[in-house]
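Asks: need the 3D shape of this:
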Amino acid sequence: MKKSILLIVTCMVSLSLQASPEGDLQAYQRYFKNRLPNLSFEDMSNGMYNFSEDKRNQWLEIMEFPPYEMVLDEGKSILETPFANGKNYADCLDKGGIGIAHTYPRFDKKAGKVVTLIDAVNQCRTANGEKALKHNDSGMLALLSYLADTSRGKKIDVDVPNDPKALAAYEDGKRIYFTRRGTRDFGCYHCHWEASGMRIRGNELSPAIGQATHFPTYRSKWGSMGTIQRRYKGCMNNIGAVDIGIGSEAMNNLEYFHTYMSNGIPMNAPGTRF
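Replies: Numbers count the residues shown, from 1 in each chain. Take a look at the predicted model:
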């Protein structure tokens, strides 16, 4: 236990003093290599299923006929359906949207802010006279799921350019991740660093590294697909905190930092979770 606490403290200090996101990434991944030496980076994309053989077997059975199969068909249809003006997503999404999900969120230098894949989809829509879709819209979730599936197996590759605003957005996301909040005075790191691989109530706590690889995901609790920001909101509510708003600049910055820290781990989305 003392060794584990020392590793956490050492890594936290390292993160706070690093001059670059690259330095943070090395410290962050080094911490989890030391904490979970029997797991490879590829394993990390499997999250909680690394720590319960029973749940892992159930998950593997579910994945033989995943509950999102029809969602993927819907998403493909949406991607290929022309807008009212005759254009479609291929006219404004990078590479037509195929095989790019593992590179989001991105920093948009022109806009001076972080852009999630949802933002990119909605920018494409509004530029072509269509209404923006909400984060929980079934069509948006279907499209995100299909786009994620086209990146399955590709390693997360989120870039933080050497731009003052990009670095500020990254640092803001990091600050949010490590900030205690709510009535329980918890930060994200309490469960997914300090207690990663352990259990709380009936659930195994997945390590922070690799979590971003399997969203959007189908959760049995939700009975539907959901985004990583929906999961952030749920976690904040669980610790008695007011969430910072799905789709807000702060939430986008949190996703930016959190996803960056999974760089190099294969995309495993869409996924399923209990």
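Asks: drop to CA atoms for contacts and neighbour counts, all remaining ones
Replies: OK.
Asks: quick one, helices of the stretch 101-250 of the chain?
Replies: Counting by DSSP state H, counting those that start in this stretch, the stretch 101-250 of the chain has helices at residues 117-127, 138-149, 164-177, 188-189, 228-238, 249-260.
Asks: for stretch 163-179, buried residues please.
Replies: 165, 166, 167, 169, 170, 171, 172, 173, 174, 175, 176, 177 (16 or more other CA atoms under 10 Å).
Asks: next one: stretch 130-140
Replies: Going by neighbour count (16+ other CA under 10 Å), the buried part of stretch 130-140 is 132, 133, 135, 138, 139, 140.
Asks: show me what stretch 152-159 is in contact with.
Replies: For stretch 152-159, the external contacting residues (CA atoms under 8 Å, 6 or more residues apart in numbering) are 102-107, 213, 256, 259-260, 262-269.
Asks: residue 86 - how many residues pack around it?
Replies: Neighbour count of residue 86, defined by other CA atoms under 10 Å: 8.
Asks: pLDDT score for it?
Replies: Per-residue confidence at residue 86 stands at 96 (pLDDT).
Asks: tell me the SS of it?
Replies: Three-state call for residue 86 (DSSP: H, G, I helix; E, B strand; the rest coil): coil.
Asks: tell me the centre residue of this protein?
Replies: Using CA atoms, centre = their mean, the residue of the chain that lies closest to the mean C-alpha position is residue 212, 2.9 Å off.
Asks: what count of nearby residues applies to the nearest residue to that one once chain neighbours are set aside?
Replies: Sequence neighbours aside, residue 259 is the residue nearest to residue 212 in space, at 5.3 Å (criterion: CA to CA, 6 or more residues apart in numbering). Taking other CA under 10 Å as the neighbour definition, residue 259 ends up with a count of 25.
Asks: residue contacts, residue 259?
Replies: Residues near residue 259 by CA under 8 Å, 6+ apart: 105, 156, 158, 211, 212, 213.
Asks: surely the residue nearest to the centre of the chain and residue 262 touch.
Replies: Yes. Because the distance of 6.7 Å satisfies CA atoms under 8 Å, residue 212 is recorded as touching residue 262.
Asks: would you mark the buried spots in stretch 99-115?
Replies: For stretch 99-115, the neighbour count (16+ other CA under 10 Å) marks 99, 100, 101, 102, 103, 104, 105, 106, 107, 113, 114, 115 as buried.
Asks: could those residues go into JSON lines alongside pLDDT and distance to residue 218?
Replies: JSON lines is the format used below for these (pLDDT from 0 to 100; distance: CA to CA, whole Å):
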{"residue": "99", "pLDDT": "98", "distance to residue 218": "20"}
{"residue": "100", "pLDDT": "98", "distance to residue 218": "20"}
{"residue": "101", "pLDDT": "98", "distance to residue 218": "17"}
{"residue": "102", "pLDDT": "98", "distance to residue 218": "18"}
{"residue": "103", "pLDDT": "98", "distance to residue 218": "21"}
{"residue": "104", "pLDDT": "98", "distance to residue 218": "20"}
{"residue": "105", "pLDDT": "98", "distance to residue 218": "20"}
{"residue": "106", "pLDDT": "98", "distance to residue 218": "24"}
{"residue": "107", "pLDDT": "98", "distance to residue 218": "27"}
{"residue": "113", "pLDDT": "98", "distance to residue 218": "29"}
{"residue": "114", "pLDDT": "98", "distance to residue 218": "25"}
{"residue": "115", "pLDDT": "98", "distance to residue 218": "23"}
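Asks: closest to residue 82 among the buried residues of stretch 130-140?
Replies: Lowest distance from residue 82 to the buried residues of stretch 130-140 (CA to CA) belongs to residue 139, with 14.4 Å.
Asks: quick one: the closest one from residue 73, how far?
Replies: With the distance defined as CA to CA, to the nearest Å, residue 139 ends up 11 Å from residue 73.
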